[in-house]
Each structure stands twice: as C-alpha cells, then as structure tokens.
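**Q** Would you be able to build a 3D model of this:
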Amino acid sequence: MVSFSQARDMFRLQREAKKVKKELKNIHVEAEAQGVKVTVTAEMEVVSIEIAPEVPREKIPALITDALNRAMKKAQVVSAEKMQGIMGEMGMPTGQ
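**A** All right, here's what the predicted structure looks like:
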C-alpha cells in the first residue's frame, strides 16, 4: 500500500517531470554539415532546416541526414541531463 507521503512525493515528481518536459521544448540544439544547418528542440522536434545556396543539389539529402542525426544525438544528451535529477529523486538509476 502506498502511503500518503509517498503519493505526495510521486505527484510532486510528476509535476517536476512535466515542467522539465516543457523546458525541453524551449531548448534549441543545432548541428551543421557543409552548409546545411538543422535546429531541433531538446524534445527532438525539428525546428528548422537551412540550406546554403552553394550546396550542390545532389548532396542535400545526405547532408540533411548527417546534420539531423547529429542534432538529435545532441538533443538526447541535453534531455537526459535535464531528466537525470528527477530520475535520481525517484530512486531510478541515473548512469552516474
């Protein structure tokens, strides 16, 4: 049976997790690959893709893929760092 204190702590942690999730939407991460710049949120949603005019048309798909993958990896790191504190409070392993 869950005590009132435990339930209150879980509710507080849920609120904190929702707050962090909102913050992640406002954190933008960028990555660039030879004239292609991708911006994503720390919640891993694409914000923008910019392609310089001098980028050869045939290279665009590969460069977008490269920049997007790197931006997503950076976003994962930022997201994990933000969530680490909450996970630690919940008694979950944080990888430290």
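
**Q** Can you get me a residue count around Arg8?
**A** 11 (other C-beta atoms under 10 Å). Any C-beta I mention is one placed from the backbone N, CA and C, and that applies to glycine too.

**Q** Revised request: answer the last question for Ala31.
**A** What Ala31 shows, counting by other C-beta under 10 Å, is a neighbour count of 19.

**Q** Please apply the same query to Ser79.
**A** Ser79: 20 neighbours (other C-beta under 10 Å).

**Q** Equivalent analysis for Arg57, please.
**A** With other C-beta under 10 Å as criterion, Arg57 counts 7.

**Q** Pull the contacting residues for the closest residue to Ala52 other than its chain neighbours.
**A** Leaving aside its sequence neighbours, Ala52 sits nearest to Gly35 (C-beta to C-beta, 6 or more residues apart in numbering; 3.7 Å). The contact partners of Gly35, by C-beta atoms under 8 Å, 6 or more residues apart in numbering, come to Ile51, Ala52, Glu54, Val55, Leu63.
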